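S.K.: what's the 3D shape of this:
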Amino acid sequence: MRLEVIKRHTDRYRQIAAVAARYELSFLVERIGLGKFAPGEQPVAEATKEATTWERARLALEELGGTFIKLGQVLSARRDLLPGELVDQLERLQDRVPPLPYEEIRAAIQAEFGADPEQIFASFNHEAMAAASVAQVHFAVLKSGEEVAVKVQRPGVAAQMETDFEILLGIARFLEHHIAWFKEYNIVEVVREFMQTTREEMDFVLEGHNADRFRQNFAEDPGVHIPKVYWEHTTSRVLTLERITGTPMSDLKAIAAEGFDRQAIAKHGALIYLKQILIDGFFHADPHPGNIFIEDNDHVALVDFGIVGRIDDALRDHMADLFIAVIRRDTEGIIEAILSIGIAPPDIDRRALGREVSRLLHKYYGLKLGQLQAAQIVREMMQLSRRHGIRIPADFALAVKTWAVLDGVGRQFDPAFNILETAQQFTLEVVRRRLAPGRIITNLLTDVRELQRALRGVPRRLTSLLDLLHSGRLNVKVEPSGFDKPLHQLHQMMNRLSFSIIVAAIILGSSLILQAKVGPLLHGWPILGIVGFGAASIFGFWLLVSMLRHGRM
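M.R.: Below is the predicted model of the structure:
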């Protein structure tokens, strides 16, 4: 078995080296430790003669297929890691391959269901309507009469990807060991994340559940159509969905001929995705025009739910803070939001970061909101993070890439479209939810529980410290400089927490008084309860103003 794995890896190494040689990228093969697999003289591909280095890299990834195309697509969201010129090329990656013969598709379906497509479906189109390196799609009709699209995974592609995963992980470990930059950015962890997301994308049952979740999230919006999943005809390698018959957004000529309202489509499409990112925290992360269809009455339908992103409450709050800071041209607010979103090195130069942010804001000074280009601002923010070594979470990078793609697609439909203007209402909704009494009380109770948990652990930690001291194994390193600001911030934080607990106690006590109707009454209402609620409102408002004034929520 071990010899079989070695042979499989060796064959793939040679294939990678041969493709690299054809596109005049052998120097990269040497850098990643695969030089010994490089072939002899190789004919240079015709496409390389006028191409730049990064264009040749894109063409090589496309020829290597499935895993490498998907790796490039994932990395196209990481302007915080890669040079802008390379990312521009990765965004152009095409995943189109000749479809497999019908006999291979029939065998794949038979392996999953134990029957031929003609036995399972009333009719099954032998010609593929779309084909990529991982799967291809055929139209069919169920025996109950519904028209469906059947996505079939290519035989052997999962095994090929596992081989590629092992190779990529080995290359990542080699790079981390030999080049400091790759170790600093934890490239092995980046590859592991890619492996996890790609394995999820290869599981068509999981993709079906993603589709169901989107349908539930948009159940109350009749203008959004998410196809139904036919679970009795779905497995981990075959996905059967309701057939979408609208016009793809990629077909601008057909959309013009149909007479659709292009301005309404641009705005509606942006609202759909902004709701997913900023409200639901679960978004369709592959919004290229071929995955978005326009139906009658300008309704929008989405397909292909293999790639999704997830944004938790904290990250949504930070995204809203960043958006508000950009609108207000607030340098300090932008810095705080970026540092809250990403992981900054301990020695980051905040002054230098502030100067770059100020220069970026100056570039757009005086422009109205509608004149700002979201895609360009996003690119510059991500590149700024890269220059200062700030590591951005993968889901945030995916969200801002989706945002930038939407801005570009929207401008194709309506030159006056601006996603920043459209996003305002959702950002305000995020802020409103953050300030809702229920959310504030929930956060307060969470803080109290965390404080209680920390205090419970003090005796144990103190005992451990005394044991170390008694045994002579305690080493203390004292650096007295730089304590003032952190201590001041800690003191300020504890004061706010204590004050918040007092306000919450007043609210709770007042509620109990009002419910019990204790004490002197005014028009049937307890005076103490009314006074308590009034005082709590004043104190809470004062605390909120103080926090907003200092730029920290």
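
S.K.: quick check: residue 304 touching residue 291?
M.R.: Yes. The pair residue 304 / residue 291 is scored as a contact, 4.7 Å apart, by CB atoms under 8 Å. Where C-beta positions appear, they are placed from N, C-alpha and C, glycine not excepted.

S.K.: which one of these two is surrounded by more residues?
M.R.: More crowded of residue 304 and residue 291, by other CB atoms under 10 Å: residue 304, with 23 against 17.

S.K.: which residues touch the residue lying closest to residue 146 once chain neighbours are set aside?
M.R.: Spatially, and ignoring its direct neighbours in sequence, residue 146 is nearest to residue 242 (6.9 Å; CB to CB, 6 or more residues apart in numbering). Listed by CB atoms under 8 Å, 6 or more residues apart in numbering, the contact partners of residue 242 are 146-149, 227-230.

S.K.: and those, which is closest to residue 60?
M.R.: Comparing the contacts of residue 242 against residue 60 with CB to CB places residue 149 closest, at 31.6 Å.

S.K.: list the buried ones in the helix or strand harbouring that closest one?
M.R.: Following DSSP states H and E, one finds residue 149 within strand 147-153. Using 16 or more other CB atoms under 10 Å as the test for burial, strand 147-153 gives 148-153.

S.K.: out of these, what pair is the most spread apart?
M.R.: Longest distance between any two of the buried residues of strand 147-153 is 16.4 Å, between 148 and 153; criterion CB to CB.

S.K.: hang on, the earlier thing: and which of the contacts of residue 242 is nearest to residue 99?
M.R.: Distances from residue 99 to the contacts of residue 242, taken as CB to CB, are shortest for residue 149 (14.3 Å).

S.K.: could you measure the closest one against residue 107, distance?
M.R.: According to CB to CB, to the nearest Å, residue 149 stands 20 Å off from residue 107.

S.K.: what's the answer for residue 408, then?
M.R.: Residue 408 is 40 Å from residue 107, by CB to CB.

S.K.: residue 204 too?
M.R.: Going from residue 204 to residue 107 by CB to CB gives 17 Å.

S.K.: the two - which one has more neighbours?
M.R.: Comparing residue 204 with residue 107 by other CB under 10 Å, the one with more neighbours is residue 204, at 24 against 13.

S.K.: could you find the closest non-adjacent residue to that one?
M.R.: residue 239 (3.9 Å).

S.K.: that neighbour: what's it in contact with?
M.R.: Residue 239 is in contact with 150-151, 204, 207-208, 229, counting by CB under 8 Å, 6+ apart.

S.K.: what do you get if the cut-off is 6 Å, keeping everything else the same?
M.R.: Taking CB atoms under 6 Å, 6 or more residues apart in numbering, we find residue 239 in contact with 151, 204, 207-208.

S.K.: doesn't it fall inside a helix?
M.R.: No. Using DSSP: H, G, I helix; E, B strand; the rest coil, the assignment for residue 239 is strand, not a helix.

S.K.: now it: how far from residue 229?
M.R.: In terms of CB to CB, residue 239 sits 7 Å off from residue 229.

S.K.: and for the two, which residues touch both?
M.R.: What both residue 239 and residue 229 touch, as defined by CB under 6 Å, 6+ apart, is the set residue 208.

S.K.: please, which helix or strand holds the residue most central in space within the chain?
M.R.: Centroid-nearest residue in the chain, with CA atoms, centre = their mean: residue 395, separated by 2.6 Å. Taking DSSP H and E as the definition, one finds residue 395 inside helix 394-413.

S.K.: how long is stretch 320-334 end to end?
M.R.: 11 Å (CA to CA, to the nearest Å).

S.K.: ok, now stretch 383-394?
M.R.: One end of stretch 383-394 sits 15 Å from the other (CA to CA).

S.K.: so what touches it?
M.R.: Residues from elsewhere that reach stretch 383-394, judged by CB under 6 Å, 6+ apart: 79-80, 193, 342-345, 348, 353, 356.

S.K.: try 8 Å this time
M.R.: Applying CB under 8 Å, 6+ apart, the contact partners of stretch 383-394 are 77-82, 84, 184-186, 190, 193, 315, 338-339, 341-345, 348-349, 352-353, 356-357, 360, 382.

S.K.: likewise for stretch 49-58?
M.R.: 23-25, 28, 47-48, 59, 72, 83, 85-86, 88-90, 92-93.

S.K.: tell me where the stretch 201-350 of the chain has strands.
M.R.: Ranges of strands within the stretch 201-350 of the chain are 224-225, 238-242, 247-248, 282-284, 292-294, 300-302, 308-310, based on DSSP state E, counting those that start in this stretch.

S.K.: to residue 413, which of those lies closest?
M.R.: Closest to residue 413 of the strands of the stretch 201-350 of the chain is strand 292-294 (CB to CB; 9.7 Å).

S.K.: what comes up buried for the closest one?
M.R.: Within strand 292-294, the residues that qualify as buried are 292-294, counting by 16+ other CB under 10 Å.

S.K.: output those in JSON lines, with distance to residue 68 and pLDDT appended to each entry.
M.R.: Converted to JSON lines, the buried residues of strand 292-294 look like this (distance: CB to CB, whole Å; pLDDT from 0 to 100):
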{"residue": "292", "distance to residue 68": "26", "pLDDT": "90"}
{"residue": "293", "distance to residue 68": "29", "pLDDT": "92"}
{"residue": "294", "distance to residue 68": "33", "pLDDT": "92"}
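
S.K.: measure the closest residue to residue 84 other than its chain neighbours to residue 71 for me?
M.R.: Spatially, and ignoring its direct neighbours in sequence, residue 84 is nearest to residue 383 (6.0 Å; CB to CB, 6+ apart). From residue 383 over to residue 71 the distance is 21 Å, taken as CB to CB.

S.K.: what segments of the stretch 101-250 of the chain are helices?
M.R.: 102-113, 117-120, 157-178, 180-184, 187-202, 204-217 (DSSP state H, counting those that start in this stretch).
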